[in-house]
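J.: test case, fold it:
(one chain, ligands or ions: 2)
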Amino acid sequence: MASSNVLSRPPNIRPDWTVDQNWESFSPSDHDRWRRLYDRQMQVLEGRACDAFFRGLHALDLHGNGIPDFAILNRQLTSKFGWTIVAVPGLIPDAVFFEHLANRRFPAGNFIRSESEFDYIEAPDIFHDVFGHIPMLTDRVFGDYIQAYGQGGLRALSLNCLDSLARLYWYSVEFGLINTDSGPRIYGAGILSSPAESCFALESSSPHRVGFDLMRVMRTLYRIDDFQEIYFQIKDFNELFEATLQDFAPIYQALQTCTTLQPDTILPSDIIVQRGDQHYRDRFSVTI
Ligand code: HBI
Ligand code: FE
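T.: Ligands and ions are numbered 1, 2, ... in the order given. Okay, the predicted model is just below:
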């Protein structure tokens, strides 16, 4: 998501930007929209999402019956995995977002997209956050990575280096791919919650697919208004978590001397899984 630290907190919102979910206030049409989003995505993700995602849906009993009640969802999520969903009105300031992640609280948008935004919404709504992000928190290593990311985010803010760390979040937590014995699979929530990008990210000839490299990712700019032009692929979640175990200060120092990279760039040092061909970009169409 675009970084957000210019928001001013409305008076009815708690200092940590959380709100009561008020699950009863969701209308029958809200629940119906969740069901249709869920059912469509579950058809698309079969054979495309990573196993950890499906294990998470099962462990949390995240079915398609309607918008989940966080009080019920948190019973499993907190007792078994040490994470808690907290409802927020939308994008919250970076520092507040990181503080929640660093304390194993995941901020989830407390609204569902309108019918006109059914296929795409830029701001993270409850479907993107709860369907896309929450199941992945049940993978212990990935859950610890997200918490480490929150701790790192607070540090990055203090060093005024957020932009490069935000790229790490973008190309892993939001748009990451993971290699498996059956080929690349999706673990990034921005793809998991998007039917079109779930197909594009794995099957289009247009984007580059490149092996994950921390510095490379942190130099690479990203688009927030279209499918990604490059996807980074990890071997396993340990690769991500271990990348956070080092002191980032020298990394931020080194990044100062590097140019940022356009997302359609390929470097000679890249481990290329697929060299994308941009002219296919406009011809990719998805029939779900
Ligand atoms: N707030 N609710 C919400 N969800 C996000 O994903 C989010 C945010 N605020 C800041 C933010 N993401 C990003 O700027 C950081 O990941 C860098
Ligand atoms: Fe997200």
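J.: wait, doesn't residue 232 sit right on residue 214?
T.: No: taking contacts as C-beta atoms under 8 Å, residue 232 lies outside contact range of residue 214: 9.8 Å. (Each C-beta comes from the backbone N, C-alpha and C, glycine too.)
J.: which one's more surrounded, the two?
T.: residue 232 (27 against 18; other C-beta atoms under 10 Å).
J.: and the stretch 51-200 of the chain, which residues reach ligand 2?
T.: Where the stretch 51-200 of the chain comes near ligand 2, counting by C-beta under 5 Å from the ion, the residues are 124, 189.
J.: gap between residue 279 and residue 69?
T.: 47 Å (C-beta to C-beta, to the nearest Å).
J.: might you list the low-confidence residue ranges for the chain?
T.: 1-6, 280-288 (pLDDT under 70).
J.: where do the strands sit along it?
T.: Using DSSP state E, the strands of the chain run over residues 84-88, 105-109, 177-180, 183-186, 208-211, 230-234, 272-274.
J.: list of residues touching the first one?
T.: Here strand 84-88 makes contact (C-beta atoms under 8 Å, 6 or more residues apart in numbering) with 16-21, 70, 73-74, 77-78, 100, 104-110, 130, 134.
J.: among these, which ones are buried?
T.: Buried by 16 or more other C-beta atoms under 10 Å: 17-18, 21, 70, 73-74, 77, 100, 104-110, 130, 134, out of those.
J.: please go through those residues and note which also touch ligand 1.
T.: 107, 109 (C-beta under 6 Å from any ligand atom).
J.: hmm, back to that, the more surrounded of residue 279 and residue 69?
T.: residue 69 (13 against 9).
J.: so who does the residue nearest to residue 235 when sequence neighbours are not counted touch?
T.: Among residues not flanking residue 235 along the chain, residue 179 sits closest, at 5.8 Å (C-beta to C-beta, 6 or more residues apart in numbering). By C-beta under 8 Å, 6+ apart, residue 179 lies in contact with 185, 233-235, 273.
J.: find the centremost residue of the chain, please.
T.: Nearest residue to the geometric centre of the chain (C-alpha atoms, centre = their mean): residue 174, 2.6 Å.
J.: ok, now how distant is the residue lying closest to residue 237 once chain neighbours are set aside from ligand 2?
T.: Using C-beta to C-beta, 6+ apart and skipping the chain neighbours, the partner closest in space to residue 237 is residue 141 (4.1 Å). As judged by C-beta to the ion, to the nearest Å, residue 141 and ligand 2 stand 19 Å apart.
J.: all numbers from here: first residue = 701
T.: New numbering, starting at 701: the last item is residue 841.
J.: contacting residues around residue 841?
T.: 936-938, 940-941.
J.: go with 7 Å
T.: 937-938, 941 (C-beta atoms under 7 Å, 6 or more residues apart in numbering).
J.: how close does it get to residue 724?
T.: The gap separating residue 841 from residue 724 is 36 Å, by C-beta to C-beta.
J.: all helices for this structure, in order.
T.: 728-745, 751-759, 770-781, 794-802, 826, 840-858, 862-869, 889-892, 895-903, 914-919, 937-943, 949-956 (DSSP state H).
J.: the inter-axis angle of the first one versus helix 895-903?
T.: Just to be clear, that refers to helix 728-745. Here helix 728-745 runs at an angle of 10 degrees relative to helix 895-903 (axes from the mean of the first three to the mean of the last three C-alpha atoms, to 10 degrees).
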